[in-house]
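**Q** Build me a model from this:
(one chain, ligands or ions: 1)
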Amino acid sequence: MKIGVFDSGLGGLTVVQAMTQVIKGAQIFYVADTKNAPYGEKTPEQILQYSLNITQYLINTHNIDALILACNTATSSAIKHLRETYPSLIIIGTEPGIKPAIEQTSTRKIGVLATPATLQGDKYQKLAQTLSLQKSVDIYEQACPGLVEQIEKGEMDSEETKALLEKWLRPMRENNVDTIVLGCTHYPLVSQSIEHIMDCNVSLIHTGEAISKHLLTLGSQKGHLNEGDVVVHIHTTGKIQIEIIETIIDTYENIHSIEVEHNSDS
Ligand code: DGL
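**A** A predicted model of the protein is given here:
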């Protein structure tokens, strides 16, 4: 199976990490659209255009069988349009895991951290509204402008990043939030700081595993055998911190080989 995966930058590599634990016998073509990052502070029209361009590139250049939007923000703005445009392609998006959070919480208080575009999008608003009817839960939503840039700069543990997180998380800690949804694929990269600020009394939800299992099911229906090696190709449209890529891919399992290339023309 040839799988195209994209995000605005490094964040989607956390989804690829989960994929490497489930998917075998695949070539993964990852696009980090760092030329246009961060997506979370762009308009829905801009995000849709970036998503269409990348999808067309992945189809033309790599003839992909499946597309993973490893980005909550792009999913919110583009998945509907992409599914209408490419009906025969397997297309899976990333959405904030509010459902598992609502099921898990004991204090009935959950937090959601996401980009401004994701929280403002209709998709998120409808999901939160529908789910909060099923169980009465207080949802503390927090947009995190600037956090993606900090992570892309490699400042996961800097004082500035910790101060931002402290400011955003304090209301959650003071109100007994016990479950936090990481509604942006970059945020697992600062999960240690989040756990520290929450005094470790928190469970963090991200959806990489669910996405990977869903991909396995849809892939099997199309004849994917799930045997053999996995090869990951990483393509960036702008600057990226190679050392951070190396740290993340060190955690990947069952990988045969990885190559990284930069091409600003795509
Ligand atoms: N990692 C992305 C997400 O899940 C995009 C973040 C951004 O570029 O703002 O939303």
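**Q** Contact partners for Glu103?
**A** Not one residue lies near Glu103 by C-beta atoms under 8 Å, 6 or more residues apart in numbering. (C-beta placed from N, C-alpha, C; glycine too.)
**Q** Secondary structure element for it, which one?
**A** Taking DSSP states H and E as the criterion, Glu103 maps to helix 98-104.
**Q** what about the helices in this protein?
**A** 13-20, 44-62, 72-85, 98-104, 116-120, 122-134, 147-152, 159-174, 191-197, 208-221, 242-249 (DSSP state H).
**Q** The ligand versus the residue lying closest to Lys42 once chain neighbours are set aside, what's the distance?
**A** Spatial nearest neighbour of Lys42, excluding adjacent residues (C-beta to C-beta, 6 or more residues apart in numbering): Ala117 at 6.7 Å. Separation of Ala117 from the ligand (C-beta to the nearest ligand atom, to the nearest Å): 7 Å.
**Q** Which pLDDT value does the model give Ala117?
**A** Among the per-residue scores, Ala117 holds a pLDDT of 95.
**Q** any idea how far it lies from Val16?
**A** Ala117 sits at a distance of 22 Å from Val16 (criterion: C-beta to C-beta, to the nearest Å).
**Q** In terms of packing, which of those two has more residues around it?
**A** Per other C-beta atoms under 10 Å, whichever of Ala117 and Val16 has more neighbours is Val16, with 27 against 24.
**Q** What does the pLDDT read for the more buried one?
**A** If you check Val16, the pLDDT there is 96.
**Q** taking the helices of the chain together, which one is wrapped up most tightly?
**A** The highest average neighbour count among the helices of the chain, using mean count of other C-beta atoms under 10 Å, belongs to helix 13-20 at a mean of 24.
**Q** what's that helix packed up against?
**A** Counting by 3 or more C-beta pairs under 8 Å, 6 or more residues apart in numbering; DSSP states H and E, the packing neighbours recorded for helix 13-20 are strand 2-7, strand 26-32, helix 208-221, strand 230-236, helix 242-249.
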